[in-house]
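> Sequence isn't available, so here's the structure alone:
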Ligand SMILES: [Zn+2]
């Protein structure tokens with residue numbers, strides 16, 4: 001072998017070695033649940049947190065726990081705008097109809113809500129309206145009807161905290177509504193399965209769903225629902241009180257335990273792919 005052929009062979013072997021190293025490191029990190037990036041579909045940064053935790057600090061805490069992108073809605077929207085201004089590549093704003101704590105069961109009777117939402121929609125960009133609480137009895141109120149219409153008009157998702165019956169009533173008003181169902185409605189596995197099979201534009205976040213999985217065990221029927229609808233679920237910490245900001249790592253430990261007990265392809269979808277594909281891509285489209 002002449003000197004050129006030898007040099008060529010060595011550099012070829014080097015390239016193969018580096019390529020193998022690259023593949024190996026990629027597959028190790030892809031399989032390592034602790035390093036999955038997390039898309040969080042349920043963050044609030046409400047008025048009683050602003051003084052205690054500055055926007056940069058709030059984002060730092062989420063990133064330290066592994067969150068790489070977050071849907072944020074706040075009471076009032078000022079909190080969301082502060083976080084968004086601090087890191088527009090991290091925050092995806094969602095417009096909440098609440099301006100302060102304690103209005104979750106009365107907001108649909110407040111005539112000032114719609115002008116407030118219209119004013120915000122004219123000024124800022126959002127991916128959804130929510131998270132709002134609604135019971136089946138309240139879906140037909142003029143305020144809720146107008147919220148559903150505003151989402152349609154602005155091509156926004158709805159982030160809805162309700163049971164399955166209220167979701168059905170929203171789809172009666174707008175069969176093309178795109179709904180992120182907070183906490184999967186706290187419904188049992190068969191009802192969630194039925195809803196997701198029936199409505200293709202229904203996604204769900206799993207915040208506060210420790211009743212579906214704990215200590216390495218899935219509860220009654222949940223594993224098959226998670227796998228069957230793996231392209232519809234997202235994670236969420238739901239920082240609904242100042243106290244909850246102190247529990248981020250504990251919630252994340254449960255989330256990672258859940259992911260660890262799912263097949264790899266379902267776990268990566270639920271961890272971040274669904275959020276990127278459904279929510280982040282949608283927000284980009286709105287630019
Ligand atoms: Zn919430």
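Structure's in. What do you need? Here the structure is a predicted model, which means the values were calculated and not measured. Numbers count the residues shown, from 1 in each chain.
> buried stuff in stretch 134-143?
134, 138, 139, 143 (16 or more other CB atoms under 10 Å). To be clear about C-beta, it is placed using only N, CA and C from the backbone, and glycine gets the same treatment.
> let me fix that: stretch 33-52
For stretch 33-52, a neighbour-count test (16+ other CB under 10 Å) marks 33, 36, 38-46, 49-50 as buried.
> before we move on, back to that, any chance of TSV for the buried residues of stretch 134-143, columns pLDDT and distance to residue 101?
Putting those into TSV (pLDDT from 0 to 100; distance: CB to CB, whole Å) gives the following:
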residue	pLDDT	distance to residue 101
134	97	17
138	97	19
139	97	23
143	97	19
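> Of these, which is the nearest to the ion?
Using CB to the ion, residue 134 comes nearest to the ion of those, at 13.0 Å.
> Near the nearest residue to the closest one once chain neighbours are set aside, how many other residues are there?
The shortest distance from residue 134 to any non-neighbouring residue, by CB to CB, 6 or more residues apart in numbering, is to residue 162 (4.8 Å). Residues within reach of residue 162, counting by other CB atoms under 10 Å, total 25.
> so what's residue 162 up against?
Contacts for residue 162 (CB atoms under 8 Å, 6 or more residues apart in numbering) come out as 133, 134, 135, 136, 170, 181, 182, 185.
> Mind picking the two most distant members of those?
136 and 182 (15.4 Å; CB to CB).
> can I see the domain layout of the chain?
1-31, 34-285 (automatic domain parsing).
> Would you mind naming what in the stretch 101-250 of the chain lies close to the ion?
131, 238, 240 (CB under 5 Å from the ion).
> quick one on the thing from earlier: and the least confident of the buried residues of stretch 33-52?
Lowest pLDDT among the buried residues of stretch 33-52: residue 33, with 82.
> if we can go back for a sec, please narrow the buried residues of stretch 134-143 to those residing in helices.
Within these, membership in helices is found for residue 143, as judged by DSSP state H.
> Adding distance to residue 252, write the buried residues of stretch 134-143 out as a markdown table.
A markdown table is the format used below for the buried residues of stretch 134-143 (distance: CB to CB, whole Å):
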| residue | distance to residue 252 |
| --- | --- |
| 134 | 29 |
| 138 | 33 |
| 139 | 33 |
| 143 | 35 |
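> Return the closest of the buried residues of stretch 134-143 with respect to residue 60.
Distances from residue 60 to the buried residues of stretch 134-143, taken by CB to CB, are shortest for residue 134, at 33.5 Å.
> Tell me which helix or strand residue 75 sits in.
If you go by DSSP states H and E, residue 75 is not part of any helix or strand.
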